[in-house]
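Visitor: Provide a 3D model corresponding to the input given below.
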Amino acid sequence: MSSANIPYFCEGIQYFGAALPGADDYAAQPVIAGGQRAIANPRDPQAVYQTLLGADALRYLTLQMTGAKASGHPGGFASSAEAYAALVMLGHTNIVTEVGHHAPGFYSAMFLDSSLEDMGIRTVQELRARYREKHGLLGHLSGAIPGILAPAGPLGQGQHFAMAGAMLHPGTLFPFTVGDGGMGEPYVLNAMMHFHVAYPKITNFLPTLIWNGYSQEHHSMVSLLTDDEMIAYWKGHGFEAVYLVDARQFDDTNQSGAFVDSTRFSFEQRLAFTGAVLDTMNTAAQSALNGKPTVFIIKQLKGAGVHALGAKSHNLYAQHTLENADVIAGLQRRALTPAAWQIVRDNFSRAGGGPASRTAVTESVLTLPALTNLPLQDFAVGESKIPTTAMGVLVGAVGKQDPRFLVTNADGNEASAIGNINEALKIRHPTEDALYHQTPQGQVYEPLNEDACAGLAVALSLFGGRSLWCSYESFAINGLPIWQTVTQAMAELRRKTPSTITLFTAGALEQGRNGWTHQRPEIEAYFAAMMRNGNIFPLFPVDANMIQAAYAWALETFNKGIVITASKSPLPVRTTLEQSRHALAEGAITLLEHKGEKTIVLAVVGDMILLPVFEAAEKLKAAGLGVRVVAVVSPRRLYRATDVAWDTCAEPDHQFLDDQRFNALFDGDVLLGVSGGPSATLEPVMLRTRAVRRDVFAWKRGETTASPAEIMAFNGLTGENLARRAQELAGV
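Guide: Numbers count the residues shown, from 1 in each chain. All right, here's what the predicted structure looks like:
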């Protein structure tokens, strides 16, 4: 075969095949002509034929790419190939997935539409070389890859991105693929059901179930359902229209079992199956776009068309190189002619208006309303105010100025002393009730599970909108997997997007009577570990003024994960607004300083924990010792620049407290680190301090108690204990 007849991007393809039957009639030219966005008629035989070519091209690239590294996951995506190709040919290219293992297939699609050329991947050879390599194509999806809308790794997350896209971009369809292995993850269908009730008019997202009978290493838990039972399952979760295409109905090769491989059909039946997928997908897409909660299901055996079938197709192992007989056979079965490759490239690069790297909604910055004149209140030092309530006033103002802004909370805002958010923005609920501040148009979303709360909030931020996730500190852990996924994605993005902001309240010290079920401050260690990522900022405002400054600062940032942890109890105001801004910029602030014979530095993380700390300070002063109470407000600022991967982040933040100012805050004869949560948040202080004599007081374990003072005493966090240990270290 003359190289002159081979398109440039095909360099690296190992096998070309003979023309498929009917090529002269149905693949003489691309069915999506230049200037068009989609096929004109899903029942056009030419469109069906070229959709099949697209599916085979996706399978071939997926297998050759993974085979080049003997690593990765070709089987799951292979069973979705006709569905994915159909979406592209119909012009619906804002496609999300919850299946990180489908990454090779999505990368193949981005290669075919030329999106990957934006990162220097122009040929199949380069695609192979940069798969699963640094600065290349990650093993699981990342929004850093041109044309990829959202990350995918932990299962059960894709629906959040699709729903966020649908909210922010009415009229655009957001299909997302979900595997039957991942469908059993907590809250996937539950989250969509709640969303449909809350937003009955937002239906422009399309779950696309890849029902292939297997999970990663065994049969899926829904593999024994009949087609009717699967349809009933989705209808029972609020989907009014369920469209299912079962490959078995087209089988003419007598395959056994409920799940079959369509690539083994006769060519005529392959076309019939592909045509059914294309036509039904078009019907499903129009249903979703026209106001009906809709799902599309493709039922086809896992691994269809690649090197193995069932769960055995999920992974490539060390032996599955491009010299492996099974891999070779899989590639040769799917091999296309150079002309067919060019047809697929032309169709995919025109679908949806151009390559996804140019046309996907996440490839540009979403225009947002400006936030002006936020009603910050400068409370007088010495007053007693509830920090969370003070922040709630600002949250309400943000929602008034930005109608797309959304607040999410599983336990209810009133329980966190931010009922003023509900009063200002209203809970989104189909039952109108003024007593509970409920209205169908509200901006407060309360699905009663943290995964759904965190998922929709962070997805909105990733897709360019503003949001706030509020949670009890003790329960937030259930939503953190997707929060972490998105914050990591934000660190890699090639565009600006508003930071994802959280407010965690009702900390362990406030939750005595609820017992250990509500006392889980260990979550703060999670964020402490993530600070080294470079774009994670846990903030610990000490009072009602500082929490306002913290939120106002967070609203002006991009591509960061900002966690505000504060109490819902009245606490003394210890700083002015101006001092609060300074504390956030520096990372810490001196709240009390008393000169004495020796200097005891109390470095403190938290607000309520300051009560026993100030008690200890008075005891130390009475003993004639000098004491300095320093609030650690933004521990990320207190690291050394070399401790943090800030320079690898999008929108890098390289502001760290220099040694001179750090020493001015923390130098002393004795340093006691004190935290109402874990000690991990004090790490930057302990790393840099020059104090030889030092110790840490931190949370140990929860217990049922009658008051915050009693739970603090249970953990040894009393003024008496702090003062005694400081004196021991000082040798007095």
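Visitor: in the sheet, who's paired with the closest residue to Thr565 other than its chain neighbours?
Guide: Distances taken as C-beta to C-beta, 6 or more residues apart in numbering place Phe504 nearest to Thr565, at 4.7 Å, with adjacent residues excluded. Yep, even glycine has a C-beta here, placed from its N, CA and C like the rest. Beta-bridge partners for Phe504, by DSSP bridges, are Ser471, Thr565.
Visitor: so Phe504 sits right up against Ser474, yeah?
Guide: No. In this structure, Phe504 is not within contact of Ser474 by C-beta atoms under 8 Å, at 9.1 Å.
Visitor: what sits in contact with each of these two?
Guide: Ile523 (C-beta atoms under 8 Å, 6 or more residues apart in numbering).
Visitor: Okay, domains of the protein per the record?
Guide: The record's domain parsing of the chain by automatic domain parsing lists 3-358, 384-578, 588-730.
Visitor: now those as TSV including distance to Leu371?
Guide: Converted to TSV, the domains of the chain look like this (distance: least, C-beta to C-beta, whole Å):
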stretch	distance to Leu371
domain 3-358	17
domain 384-578	6
domain 588-730	18
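Visitor: Ok, which of those domains comes nearest Leu374?
Guide: Of all those, domain 384-578 sits nearest to Leu374, with 5.4 Å by C-beta to C-beta.
Visitor: What ranges does the stretch 501-650 of the chain have for its strands?
Guide: Using DSSP state E, counting those that start in this stretch, the strands of the stretch 501-650 of the chain run over 536-539, 561-565, 571-572, 588-594, 599-605, 626-632.
Visitor: Can you say which of these is nearest to Leu173?
Guide: With C-beta to C-beta as the criterion, Leu173 lies closest to strand 561-565 of those, at 29.1 Å.
Visitor: and the angle for the closest one with strand 599-605?
Guide: 110 degrees (axes from the mean of the first three to the mean of the last three C-alpha atoms, to 10 degrees).
Visitor: What is the neighbour count of Ala28?
Guide: 10 (other C-beta atoms under 10 Å).
Visitor: Spit out the contact partners of it.
Guide: Ala28 makes contact with no residue, according to C-beta under 8 Å, 6+ apart.
Visitor: Can I get the strands of the stretch 501-650 of the chain in JSON lines including distance to Leu209 and mean neighbour count?
Guide: Formatted as JSON lines, those follow (distance: least, C-beta to C-beta, whole Å; neighbours: other C-beta atoms under 10 Å):
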{"stretch": "strand 536-539", "distance to Leu209": "34", "mean neighbour count": "26"}
{"stretch": "strand 561-565", "distance to Leu209": "31", "mean neighbour count": "26"}
{"stretch": "strand 571-572", "distance to Leu209": "50", "mean neighbour count": "18"}
{"stretch": "strand 588-594", "distance to Leu209": "51", "mean neighbour count": "18"}
{"stretch": "strand 599-605", "distance to Leu209": "45", "mean neighbour count": "27"}
{"stretch": "strand 626-632", "distance to Leu209": "48", "mean neighbour count": "24"}
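Visitor: of the ones you listed, which approaches Ser349 most closely?
Guide: Among the strands of the stretch 501-650 of the chain, strand 561-565 comes nearest to Ser349, with 34.9 Å by C-beta to C-beta.
Visitor: what does the closest one rub up against?
Guide: Contacts of strand 561-565 (C-beta under 8 Å, 6+ apart): 391, 473, 483, 486-487, 490, 499-505, 507, 524, 527, 530, 535-541, 547, 550-551, 554, 606, 677.
Visitor: Stretch 645-663 too?
Guide: Here stretch 645-663 has contacts from 490-496, 532-535, 557-560, 585-588, 637-641, 644, 665, 688, 690, using C-beta under 8 Å, 6+ apart.
Visitor: any idea how far the residue most central in space within the chain is from Leu149?
Guide: Nearest to the geometric centre of the chain sits Val486, at 3.1 Å (C-alpha atoms, centre = their mean). As judged by C-beta to C-beta, to the nearest Å, Val486 and Leu149 stand 12 Å apart.
Visitor: Cys10: neighbour count?
Guide: For Cys10, the count of nearby residues is 18 (other C-beta under 10 Å).
Visitor: For the remainder of this discussion, apply numbering that starts at 28.
Guide: Yep, numbering from 28; the last one is Cys37 now.
Visitor: so what's it up against?
Guide: Contacts here follow C-beta under 8 Å, 6+ apart; on that basis Cys37 touches 150-151, 365, 368.
Visitor: Same check on Met190?
Guide: Contacts for Met190 (C-beta under 8 Å, 6+ apart) come out as 201, 218-219, 222, 229, 232, 483, 486.
Visitor: looking at this, it is in a helix?
Guide: Yes. If the criterion is DSSP: H, G, I helix; E, B strand; the rest coil, then Met190 is within a helix.
Visitor: could you measure it against Asn231, distance?
Guide: Taking C-beta to C-beta, one finds Met190 at 10 Å from Asn231.
Visitor: which residues are common contacts for the two?
Guide: The contact sets of Met190 and Asn231 overlap at Phe201 (C-beta under 8 Å, 6+ apart).
Visitor: on that earlier part again, now the domains of the chain as a markdown table including mean pLDDT and distance to Gln404?
Guide: A markdown table is the format used below for the domains of the chain (pLDDT from 0 to 100; distance: least, C-beta to C-beta, whole Å):
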| stretch | mean pLDDT | distance to Gln404 |
| --- | --- | --- |
| domain 30-385 | 95 | 31 |
| domain 411-605 | 94 | 7 |
| domain 615-757 | 96 | 17 |
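Visitor: Those domains: which one's closest to Pro402?
Guide: Once the domains of the chain are compared by C-beta to C-beta, domain 411-605 is nearest, at 5.6 Å.
Visitor: what's the spacing between that closest one and its chain's center?
Guide: On the basis of C-alpha atoms, centre = their mean, to the nearest Å, domain 411-605 sits 16 Å off its chain's mean C-alpha point.
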